[in-house]
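Undergrad: starting from these lines, generate the structure:
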Amino acid sequence: MQSAWILYLAIGTLVSSFVGAITLRAALHASNVMIRGGRKQAPALPFPSFDWSVTLMVIANVLNFPVTWGVSEFIAEIPSLKGANKTDLEFLAALVALPLNLIVLTNVLKVGIPTSLPQACSVVLFQVVFSVVYGIVAGAIAVAFMYAAWAIDTSGIPQVTTTAVQSPILIGGIVAGIFGAGTVFIVCLNKLEGTDDRDPGTPGTTKPPTIQPVTVAPAPRATAPEPELNTGHSARVITVLTLVVLLFGTLMFGLRR
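TA: Got it, this is the predicted structure:
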């Protein structure tokens, strides 16, 4: 299939955008803790809805496509790198494009959340950390799934790389890793959001009464608005993530046959 790379690109963008939306929420929690100096303080950054988080990640991925492509073409045209291994060139291009991709993501979050540039930088840095954690968790789940499946399968672990790549067990392991890591992150975030993160000055908390000779109505106090926690939407998020990874696995398996 000559246009298969377009389908791979679309699937990869969709999956990475959903994963990025989950890690973005974790990064916002970490940034709020750092900015306000403790979890008992009112959040400094608002929490966008899951739909808007996915939209921001899609926008960042689309904007990064020409950036990554341009860096790859530039690296390939360097005379001293002519004739180098293609894999090495792709790795070098990814390293060079990474800071540019992070700059694009920072500006997208700065406009989309919205927030200041320093705070957007801190969110992006935390998101990189949580993305690495997500990848480690997903990889562990995928490896465990594949070894368990190959242990049950009578044919055992494929000895040929081509056979292993085309194996539905490998695709199932990737799907299980993405879904499993996403579920772990969502459950942890919902537990974190269920705790009381408000300070005594936040609306919804009571203050001890002050005895005064004359009763005076207290002046309204400007406080930071409560962030949208969306704790009731975890089932919807997991359902959408399930559909995405199932679509990813089905299409990948169909294209390799």
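
Undergrad: going forward, measure contacts between C-alpha atoms and count neighbours the same way
TA: OK.

Undergrad: quick one: list the elements packing against whichever helix or strand residue 118 is part of.
TA: Following DSSP states H and E, one finds residue 118 within helix 117-152. Counting contacts by 3 or more Cα pairs under 8 Å, 6 or more residues apart in numbering; DSSP states H and E, helix 117-152 packs against helix 4-36, helix 86-112, helix 168-193.

Undergrad: got TSV for the ones you listed, with distance to residue 133, mean pLDDT and mean neighbour count too?
TA: TSV is the format used below for the helices and strands packed on helix 117-152 (distance: least, Cα to Cα, whole Å; pLDDT from 0 to 100; neighbours: other Cα atoms under 10 Å):
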stretch	distance to residue 133	mean pLDDT	mean neighbour count
helix 4-36	9	85	19
helix 86-112	17	90	16
helix 168-193	9	86	20
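
Undergrad: would you format these as a markdown table with distance to residue 79 included?
TA: Converted to a markdown table, the helices and strands packed on helix 117-152 look like this (distance: least, Cα to Cα, whole Å):
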| stretch | distance to residue 79 |
| --- | --- |
| helix 4-36 | 28 |
| helix 86-112 | 13 |
| helix 168-193 | 38 |
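
Undergrad: give the other helices and strands that the helix or strand harbouring residue 74 contacts.
TA: Element membership for residue 74 (DSSP H and E) is helix 50-76. Applying 3+ Cα pairs under 8 Å, 6+ apart, one finds that helix 50-76 contacts helix 4-36, helix 86-112.

Undergrad: Serialize those helices to CSV and add fields for distance to residue 151.
TA: As requested, these are exported to CSV (distance: least, Cα to Cα, whole Å):
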stretch, distance to residue 151
helix 4-36, 28
helix 86-112, 32
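
Undergrad: nearest to residue 185, of the ones you listed?
TA: Nearest of the helices and strands packed on helix 50-76 to residue 185, taken as Cα to Cα: helix 4-36 at 7.2 Å.

Undergrad: what angle do that closest one and helix 86-112 make?
TA: 50 degrees (axes from the mean of the first three to the mean of the last three Cα atoms, to 10 degrees).

Undergrad: quick one: list the elements packing against helix 4-36.
TA: Judged by 3+ Cα pairs under 8 Å, 6+ apart, the packing partners of helix 4-36 are helix 50-76, helix 117-152, helix 168-193, helix 234-256.

Undergrad: and these, which one is worst for confidence?
TA: Mean pLDDT per stretch puts helix 234-256 lowest among these, at a mean of 56.

Undergrad: ok, which of the helices and strands packed on helix 50-76 comes nearest residue 176?
TA: Short answer: helix 4-36, nearest of the helices and strands packed on helix 50-76 by Cα to Cα, at 13.0 Å.

Undergrad: ok, for residue 18, nearest residue in space, not its chain neighbours?
TA: residue 54 (5.7 Å; Cα to Cα, 6 or more residues apart in numbering).

Undergrad: circling back to that earlier point, same question for the helix holding residue 74: list its buried residues.
TA: Within helix 50-76, the residues that qualify as buried are 50, 53-61, 64, 67-68, 71-72, 75-76, counting by 16 or more other Cα atoms under 10 Å.

Undergrad: now do it and helix 4-36, the angle between them.
TA: Per the same axes, to 10 degrees, the angle that helix 50-76 makes with helix 4-36 is 110 degrees.

Undergrad: follow-up on the earlier one: which parts of the helix holding residue 118 are buried?
TA: Of the residues in helix 117-152, 119-128, 130-131, 134-135, 137-139, 141-143, 145-147, 149-150 count as buried by neighbour count, 16+ other Cα under 10 Å.

Undergrad: by how many degrees do that helix and helix 4-36 diverge?
TA: Comparing the axes of helix 117-152 and helix 4-36 via the same axes, to 10 degrees yields an angle of 130 degrees.
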